[in-house]
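# Let's see this in three dimensions:
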Amino acid sequence: MGAGIVLALALVLAFILRDVLATGGLPGLESMIFYSSEVYTRSVLATGQLPYWNPYYFSGTPHFADVENLVLYPPALALRWLSPAAFMQWMAILHVLFGGAGMTFLARTVGMGWLGALVAALAFVGGGTVTSWLHHGHILLLYGAAWLPWALGLAFRSTARNRALPHAGLVVVMVLQFLSGYLQGSVYVGAVIAAYFVFRVMFPEHGEHGLLRMKPRAVRDPRAYLDGARGISVMADAAARNRSGSQCGN
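Residues are numbered from 1 along each chain as shown. Model (predicted):
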């Protein structure tokens, strides 16, 4: 079934990117902006330096510090052996596949069968949002969205474990999502993940599994307040006796 999902995604992706694959053109109308940024990045890296500043935009703009330029984005680093045009094409192709695979992972994580996972993946790959981004060249939106289902699925798996720390994969995915260039999307995804963790702390799914162990004992068990009050009372009595004994000795 897994091979069938990959085949279906590949066929749908080939249809969506038929113009790019057939003509060798850039993915979308506005991708020329990112094409020029990639060309400048490569020209500076070829000299053995980092592209801290781009003097060709307006009166000069920060380049390395702007995540939109994808200087340290791992998929971009892995594909920079390609020509700039081929680089743009394969970045789009791989991120649509990343998103489709992520939807499959998310669907399986929440308990859907393989057929439901296939439908979810096809909805991501062939939905109106992704195809619109590809047509208009809004590729940073695509790069960021490709990691969203992975982040959600790993957040669900993190709360299902009886540990305070999140799943290591979630940390990796959130870093990749940040480096993918869409900072606004990173803030949104981070807020959603944080809100979900808070929700699961307050309303655990299975007894005391997951992040419930991070809750203070007084929140989980009101009797903890009585234990605390008794402890304070005992310490106060002991202090009073010590003071009384000291006064008698004097």
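
# Low-confidence regions, the chain specifically.
Where the chain drops to pLDDT under 70, the residues are 1-2, 5, 9, 19-25, 162, 205-250.

# Which segments of the protein make up each domain?
2-146, 217-249 (automatic domain parsing).

# Turn those into CSV, including mean neighbour count and distance to residue 181.
Using the backbone N, CA and C atoms, a C-beta is placed for each residue, glycine as well. Formatted as CSV, the domains of the chain follow (neighbours: other CB atoms under 10 Å; distance: least, CB to CB, whole Å):
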stretch, mean neighbour count, distance to residue 181
domain 2-146, 17, 4
domain 217-249, 10, 40
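
# Save those domains as CSV, and put in distance to residue 171 too.
Shown next, in CSV, are those (distance: least, CB to CB, whole Å):
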stretch, distance to residue 171
domain 2-146, 14
domain 217-249, 26
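
# Quick check: which of the ones you listed is nearest to residue 177?
Taking CB to CB, domain 2-146 is the member of the domains of the chain nearest to residue 177, at 6.1 Å.

# what about that closest one, distance to the chain center?
With CA atoms, centre = their mean, to the nearest Å as the basis, domain 2-146 stands 15 Å off its chain's centre.

# now swap in stretch 152-166 and tell me
On the basis of CA atoms, centre = their mean, stretch 152-166 sits 14 Å off its chain's mean C-alpha point.

# in that stretch, what's buried?
152, 153, 154, 155, 156, 157, 158, 159, 160, 166 (16 or more other CB atoms under 10 Å).

# residue closest to the middle of this structure?
Among the residues of the chain, residue 174 comes closest to the average C-alpha position under CA atoms, centre = their mean, at 3.4 Å.

# Enumerate residues external to the one helix or strand it maps to that contact any of its residues.
Per DSSP states H and E, residue 174 falls inside helix 168-179. The contact list for helix 168-179 (CB atoms under 8 Å, 6 or more residues apart in numbering) reads 67, 70, 72-74, 144, 147-148, 150-151, 154-155, 157-158, 185-186, 189-190, 193.

# Ok, stretch 40-47 next?
Here stretch 40-47 has contacts from 50, 51, 54, 56, 63, 69, 70, 71, 80, 84, using CB under 8 Å, 6+ apart.

# my read: the third one touches residue 61, true?
Going back to what we said before, that points to residue 54. Yes: using CB atoms under 8 Å, residue 54 is in contact with residue 61, at 5.3 Å.

# shared neighbours of these two, which are they?
The contact sets of residue 54 and residue 61 do not overlap (CB under 8 Å, 6+ apart).

# Run through who's touching stretch 62-69.
By CB under 8 Å, 6+ apart, the list of residues contacting stretch 62-69 reads 34, 37-38, 40-41, 44, 50-54, 71, 73, 140, 178-183.
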